[in-house]
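[1] The sequence and its predicted three-dimensional model are supplied below.
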Amino acid sequence: MRGVFDIVGPIMIGPSSSHTAGAARLGLMAGKILGEPVAKAEILLHGSFARTYRGHGTDKALIGGLLGFSPEDERIRDALDIAKERGLDYSFAPVDLGDAHPNTAVFILTGINGRKITVGGASVGGGNIEVRNIDSFQIALTGQYPSLIIIHTDKPGVIRDISDVLAKHRVNIAFMRVFRRNRGQQAMMIIETDEELTEDIIQDCRSTGVIENAFAVPAI
Amino acid sequence: MVNFNSIKELIELAKERNTSIGKITMEYEQEHSFDSEEHMLKSMEDNWRVMQESIERGVSNKDKSLSGLTGGDAIKIYAHRDNSYTGKTVMTAAASAVGVSEVNAVMGRIVACPTAGSCGIVPAAIKTAAEKNNNTEEEIVDALFTAAGIGLVIEANASIAGAYGGCQAECGTAAGMAAGAMVQLAGGTPDQVGHAVALAIKNLLGLACDPVAGLVEVPCVKRNGFVAVHSMVAADMALAGVESVIPVDEVIDAMDRIGRSLPRTVKETAEGGLALTKTGKEISKRVFG
C-alpha cells in the first residue's frame, strides 16, 4: 500500500495530477539535473503530452518546473509569461518516441553558464515521475531521494572511492546503479541516499581525481 | 505493528482499541513511513487549510478554465442556496464541491483527494459536517485520517484511478471516504463508518470516466457537486442505523471486478460516452484542433 498522503494529497495546482503536477515535477527535476538556471529549453512532447498539453496546462507546468516552481506553486498558471520576463527561451515540438510512456517529455537544455544537457522522463501517474535518460544514458530516477550523479570513466576502483567519500560523511546509500556506454568508456553512477548531499560532499567526490564530474539532485 | 488490508480489519482494530479508524490509520502510516506524529498532524492540517482555501475561492470563482468549458457555476449554486428545494446545507455542500473542482480546472491550488478529478467531494462533505457538529480542528484532522484509511484499502483492493477503474474508482472512492469521515464527525461508530462507505460506493458502481476532450472538466466539475451530496445521504442513512446488506469489503471487490470489465472507452481515454457525443467531439476539435 502507498501512504496516507498519497490518498489525501498531494497539494497541487490543477487540473491533472499526471498532466500538470507530474509535468511540473519533471521540469523541476530536469532543471535540478542541469544544475544552473535555464537559458534555453527545447521541449519535445510524446503521446498524450503531445496531443493534449494545452488543455491541461502541461506546457505551463513543464516551464514552471524549469523555473524552479514546485507542483503546488500558483505561479505555474503564469509560468510562460514569467519565463519570457526572465529571458528563458523555450519551444515545444511533438515527437514520436515509439513505445515510450504516453506522458513523456524530453528537455534539451542550455544553462546560463553554457552547460548543455538532454533529460528525458515520464509522468507515470498520481504526480509521480521517472527520469529515464540523461544525455544518452538510460537511467531510472524518481526524485523521491536525494541523488548523487557521477560521470566517470568505466574502470576499477571508482565506485570504492566514491562510496568512501559517502561513508566518511555518514551518508547512507539507499539505491545505487551504474551505467556505461561501453567497457572502459564514459560511465554514469546514480546514488540515491537517505541524507541530503551537501556541497562539501560533492567537492570531496571531485577531489578524488577519479571522476569527470559530480552533481547532486535534491529530492523533489 | 498495525496492518490492515480491509475495511473490516480497520473497524475491528478501532473497536479493539476503543479508538477511531483515523487513529489506527495514523499509527499505520507512522510505522510504515517513519514519520513523526507531530509532522504527520502538521501535514494533514496543511491539507485541511488548503482544502478550506480552495472552497473559499471556489464558491466565489469567476475565472474560466483554459478550455473555457467550466468556471462560474459554483457561485451560481451558492447564490441559489436559500431558495433551493434541497435546502441550504445541501446546496452549500454542492457549491463547495463544484467550487473546489473549478479551482482545479482554472489551475488553482487544491488537495488531490484521492485524485485531482475528485478533489471537491471530501473537502465539501467534511466542511458541511464540521459546521453542523461544531467539530474541532483535531476532530477534522482525525476524520481526514479516517478518509485516508478508507482510500488506502480501496486502492489496495480495487483502484482510485479512472484510467483503471472508471469514475467509480475516483468519485466512488471519494464518496466512500467522504461518507465515512462524515459519520465519524457526527460521533458514529466504526461499524457505521463501514456501512456509510458501502452505501456510498454501491450506488456509484459502474460509473463511466468519459471526460469531454480528455479534460478534467465535463462532467467532472459538476459531478463533484452531485457526489458530495450523495456521500451526505450515505452518511445520514448509516447514522440513522441503516446497514448495507453487502459488507463493505465485498462492495469494494465488486467495484474492482466492474472496473476490470468496463471497456477501455470509458476509462479516461475520451473515446466513449460523453466524449463521443456530437457536442463532445465538437468541443474536442475546438480545443485541440
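    Looks like it came in fine.
[2] Near chain B, which residues of chain A are found?
    For chain A, the residues in contact with chain B (C-beta under 8 Å from any C-beta of the partner chain) are A:1-5, A:7-17, A:20-21, A:48, A:51-52, A:54-57, A:60, A:72, A:74, A:76-77, A:125-127. The C-beta positions use only the backbone N, C-alpha and C, and glycine is treated the same way.
[3] show me where the chain has helices.
    Since you didn't name a chain, this refers to chain A. Using DSSP state H, the helices of chain A run over residues A:4-7, A:22-34, A:48-52, A:58-66, A:79-85, A:158-168, A:199-206.
[4] looking at chain B here, not the other one
    Going by DSSP H, chain B shows helices at B:7-16, B:21-33, B:37-58, B:73-80, B:88-105, B:121-133, B:137-157, B:162-165, B:167, B:173-185, B:190-202, B:220-239, B:248-261, B:278-288.
[5] Buried residues in the helix or strand of chain A with the lowest mean pLDDT, which are they?
    One helix or strand of chain A scores below all others by mean pLDDT, DSSP states H and E: helix A:48-52, with a mean of 86. Under the neighbour-count criterion of 16 or more other C-beta atoms under 10 Å in any protein chain shown, helix A:48-52 has A:48, A:49, A:50, A:52 buried.
[6] so can I have JSON lines of the helices of chain A showing distance to residue B:27?
    Shown next, in JSON lines, are those (distance: least, C-beta to C-beta, whole Å):
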{"stretch": "helix A:4-7", "distance to residue B:27": "11"}
{"stretch": "helix A:22-34", "distance to residue B:27": "29"}
{"stretch": "helix A:48-52", "distance to residue B:27": "39"}
{"stretch": "helix A:58-66", "distance to residue B:27": "35"}
{"stretch": "helix A:79-85", "distance to residue B:27": "40"}
{"stretch": "helix A:158-168", "distance to residue B:27": "33"}
{"stretch": "helix A:199-206", "distance to residue B:27": "35"}
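[7] among the ones you listed, where is the model least confident on average?
    Ranked by mean pLDDT, the helices of chain A bottom out at helix A:48-52, which scores a mean of 86.
[8] Contacts for it, please.
    For helix A:48-52, contacts defined as C-beta atoms under 8 Å, 6 or more residues apart in numbering or on different chains pick out A:19, A:23, A:58, A:94-95, A:102-105, A:123, B:213-215, B:288.
[9] cool, and stretch A:88-100?
    A:38-47, A:50, A:53, A:59, A:63, A:66-67, A:80, A:83, A:104, A:106, A:122, A:132.
[10] Work out the gap between that stretch and the centre of the chain.
    16 Å (C-alpha atoms, centre = their mean, to the nearest Å).
[11] same question, stretch A:5-16
    Worked out by C-alpha atoms, centre = their mean, stretch A:5-16 lies 20 Å from the chain centre.
[12] Compute the first-to-last residue distance for that stretch.
    17 Å (C-alpha to C-alpha, to the nearest Å).
[13] In it, which of the residues would be classed as buried?
    A:5, A:6, A:7, A:8, A:9, A:10, A:11, A:12, A:13, A:14, A:15, A:16.
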